[in-house]
Structure formats: structure tokens, C-alpha cells
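Visitor: Just to be clear, the model below is a prediction. Sequence and coordinates:
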Amino acid sequence: MIKTVATITEIFFNNSLNELIIDKNRSKLLYEIADYIVKLLKSNTPVNLNFLCANNNCRSQLSQVWATYAVNFYQLKNLKNYSGGTTPTSFNRNTAKTLKKVGFNFQILKLSHHNPHYSITYNGYIEPIIGFSKIYDNEHNKTPFITITHCEKTKENCSYISEKAEGFHLPYEDPNNKPETFFKLNKQIAGEIHFIFKIVKENV
């Protein structure tokens, strides 16, 4: 058997899970999300996850990237990941920087001072992740989708989304555009996404 050297992205992904510290309530929520995904996949229902935060520039983008990485890592089928918001802005530069530090590559697809579009890749990727800030029902996001909201504002506005098949609220603190807080947030999201998708892999 040929042994391959783990990439920085894989090491970060695994360490984020191994070093994850969560309480019982948080663990229960992550299990609920995983169990719902498992139920759909076992019934041969395609799963579209739509990670939502008001501006779709940080927390929701990190979740989409790590969830896409996790699907590839665990070789899962019929599962796609998207992100969106209610008042889109742009892909936060600090979000991009913290992902680059752990091995993700960014190339500009559409040059825009306000909201550039990125092609995000990583070692072993199947297809690029298209990253840009957008509204939750952008044509890029396939429907119906499961919403996973990360901020209170989006949770409050989520009830009216007609494309929603199911919804979960998984809050994260706003890094407030402080570079030093992005790495901590990135690690928490990577760890919890890994937690969810490890359960999915073990049960489908």
C-alpha cells in the first residue's frame, strides 16, 4: 500500500476535530444535523446544505469550504454545499487569508472591486469551490436546501425562505474583522464540520 504524505489542509482538518472541545448541547445539535443528513442520504434523496450568515462573507463561507472538503475527504455522494446571506457584501479578505494559510488556493474568476468571484481549490479537489458573497437564493445555490444559520439575524429571517427543506441554527461568534480571531474561528468550524461529516460517513 502506497503511503501519501498528509497535506497541511488534511492535518489541520484532523487536528481541528481531535482538539475540538464542545459541551453536551453543542454535541447534540451537531448529531441532529448529521442524523438528518444520514436520513436523507439513506432514502437516496440528494442533500443540498446552504450555510447562511447575514453578509455571507465569513462564517458561512468557511462552512461551505470545509463542508465541501469533508465531502471529498469522506468520498460522500449526493451531497452539495452552498452559502448565502440576506444582505451580501463581499468575500472577506481575512476569510481568504485564513483559508490560504491551511492550504486552500484562490484564483480570481471575476474581477470586481466590490465582490470578486474566486475559484477555491485544494489538494485532491474534484471541482473548484466558487466563492463570492451572494443572497441565499442565488441561482448558484441548488434547491431545495437545508439551511444552517450562523447568526441571530439570519435565524430570525430564515423562517420565510420557501426553498428551505429543513433548518438548523448553529451559531458562531462574529470575528469582527479582527485577523487574530479568524484562525480560531476557522479551526472551530473545521472541527465541527469534521464532527458532522464523520458521523455521516459512519452511518450511511
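Guide: Okay, I see it. Residues are numbered from 1 along each chain as shown.

Visitor: Check what pLDDT the residue nearest the centre of the chain gets.
Guide: Central residue of the chain (CA atoms, centre = their mean): residue 63, 1.9 Å from the mean position. At residue 63, the model reports a pLDDT of 98.

Visitor: contact partners of the longest helix belonging to the chain?
Guide: The residue-count maximum for a helix in the chain (DSSP state H) belongs to helix 179-203. Contacts of helix 179-203 with the rest of the structure, by CB atoms under 8 Å, 6 or more residues apart in numbering, involve 12-14, 16-17, 19-20, 22, 26, 30-31, 33-35, 37-38, 41, 58-59, 62-63, 66-67, 70-71, 73-74, 76, 79, 94-95, 97-99, 101-102, 170, 172-173, 175. Where you see a C-beta, it was placed from the backbone N, CA and C, and this is true even at glycine.

Visitor: List every C-alpha atom in the least confident helix or strand in the chain by mean pLDDT, with coordinates, as PDB.
Guide: Least confident helix or strand, the chain: helix 152-157 with a mean of 82, by mean pLDDT, DSSP states H and E. Output in PDB follows, covering the C-alpha atoms of helix 152-157 (Å, rounded to 0.1, in the frame of the first residue of the first chain):
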ATOM      1  CA  GLU A 152     -29.100  35.500  15.000                       C
ATOM      2  CA  LYS A 153     -30.100  38.000  12.300                       C
ATOM      3  CA  THR A 154     -30.200  35.200   9.700                       C
ATOM      4  CA  LYS A 155     -32.000  32.900  12.100                       C
ATOM      5  CA  GLU A 156     -34.800  35.400  12.500                       C
ATOM      6  CA  ASN A 157     -35.100  36.000   8.800                       C
END
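
Visitor: buried set for that helix?
Guide: Neighbour counts over helix 152-157 (16 or more other CB atoms under 10 Å) mark 153-155, 157 as buried.

Visitor: Looking at those residues, spot the one nearest residue 131.
Guide: residue 154 (18.2 Å; CB to CB).

Visitor: Identify the residue nearest the closest one in space, chain neighbours excluded?
Guide: Taking CB to CB, 6 or more residues apart in numbering, and ignoring the residues beside it in sequence, residue 154 has residue 52 as its nearest neighbour in space, at 4.7 Å.
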